[in-house]
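Undergrad: Build me a model from this:
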Amino acid sequence: MVRNNLLLIIYLLLALILLWGNESQRITKANFLANSLYLPFASSIHSIEEMMSVRARNQELEQLLAHKTIQVTELQEKIRDINATITFESEETNNFVIADIIGYTGMLDELQFILNKGSIDKLQRDYPVITPEGVVGKIISVSPNYSILLPYSNSSFKLSVMSQQSELQGLLESDFDGNLYISLIRVGAEISLGDTIITSPISSVFPKGYKVGVVTQLIESPDRVNMKAKIEPFVDLGALNKVIVLQHEEDRGYQDEFDHIIR
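TA: Numbering: from 1, shown residues only. The predicted structure is shown next:
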């Protein structure tokens, strides 16, 4: 109680001191008090004002950074689209659709990707899917706005392939762990470690010559009659976010002629 009364008396004395004298004297006394007795309080107010100003500026910079990040991402997407277009124009084909991967179902040998393009984009079942690096898989289901991509790691995926070096033919398939192999190879066949594997001309889905991967291991079967070659694929499925669907339909006209001959 005594302390409160003492503070009140001190405040009253300070007020009287500030009020005493002419205007110039009152200003001088106020400046003196502001730079001495009231300095910590004034500094605190100034610091708070500066902190609020910095916080507001940080919010402006965060908004600006977010805007620039979106712009950079959009430009990067456009660059990827342009690069993909240039790649396939150089291979003398313009019949393709660039699609984004927007989801997936299953794991490992049952993995399937969901694409954001469908029948309204003129996609059909069995269209081959690639990237500039190589083969990805094929379309197995199409709706108006979406489609399902079966990748090479799915155990249901099969593809006729061959060695680029020796043109040895084989069947590409994967095991339950997603490892990729070429089967139907005879022991002693002309295939070596490091050979590049490409799509075969007898494939019913892919045109000839698209890269698949490289041979990393040759494995003999227990009967020592057949063997298979393990393949390291060029396309990393885990890093995919965009693919290219080739609007390619295999010419099967010879089948009608062949059936006619058989009859």
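
Undergrad: residue ranges of the strands in the chain, please?
TA: 96-105, 112-115, 128-131, 134-142, 147-151, 159-163, 169-174, 180-186, 196-199, 211-220, 226-233, 242-246 (DSSP state E).

Undergrad: Please report phi then psi for the closest residue to residue 153 other than its chain neighbours.
TA: Leaving aside its sequence neighbours, residue 153 sits nearest to residue 178 (CB to CB, 6 or more residues apart in numbering; 4.1 Å). Where you see a C-beta, it was placed from the backbone N, CA and C, and this is true even at glycine. Residue 178 adopts backbone torsions of phi 90, psi 10, taken as degrees, to the nearest 10.

Undergrad: what does residue 132 give?
TA: phi -60, psi -20.

Undergrad: so what pLDDT did it get?
TA: Predicted confidence (pLDDT) for residue 132: 89.

Undergrad: any weak-confidence spans in this structure?
TA: 1-49, 66, 69-70, 73, 76-77, 80-81, 83-94, 250-263 (pLDDT under 70).

Undergrad: the domain parsing of it - what is it?
TA: 2-37, 96-250 (automatic domain parsing).

Undergrad: Let me have those domains in a markdown table, extended by mean neighbour count.
TA: What follows is those, written out as a markdown table (neighbours: other CB atoms under 10 Å):
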| stretch | mean neighbour count |
| --- | --- |
| domain 2-37 | 11 |
| domain 96-250 | 17 |
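
Undergrad: can you redo those as TSV with distance to residue 54?
TA: As requested, the domains of the chain are arranged in TSV below (distance: least, CB to CB, whole Å):
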stretch	distance to residue 54
domain 2-37	24
domain 96-250	38
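
Undergrad: Residue 78: which of those domains is closest?
TA: domain 96-250 (11.1 Å; CB to CB).

Undergrad: quick one, helices of the stretch 1-150 of the chain?
TA: 2-19, 23-34, 39-89 (DSSP state H, counting those that start in this stretch).

Undergrad: quick one: the residue nearest to residue 153 and residue 155, what's the gap?
TA: Residue 178 is 9 Å from residue 155, where distance means CB to CB, to the nearest Å.

Undergrad: what do you get for residue 108?
TA: 9 Å.

Undergrad: Any idea what the nearest residue to residue 158 once chain neighbours are set aside is bridged to?
TA: Nearest residue to residue 158 in three dimensions, chain neighbours excluded: residue 173, at 5.4 Å (CB to CB, 6+ apart). Per DSSP bridges, the residues bridged to residue 173 are residue 181.
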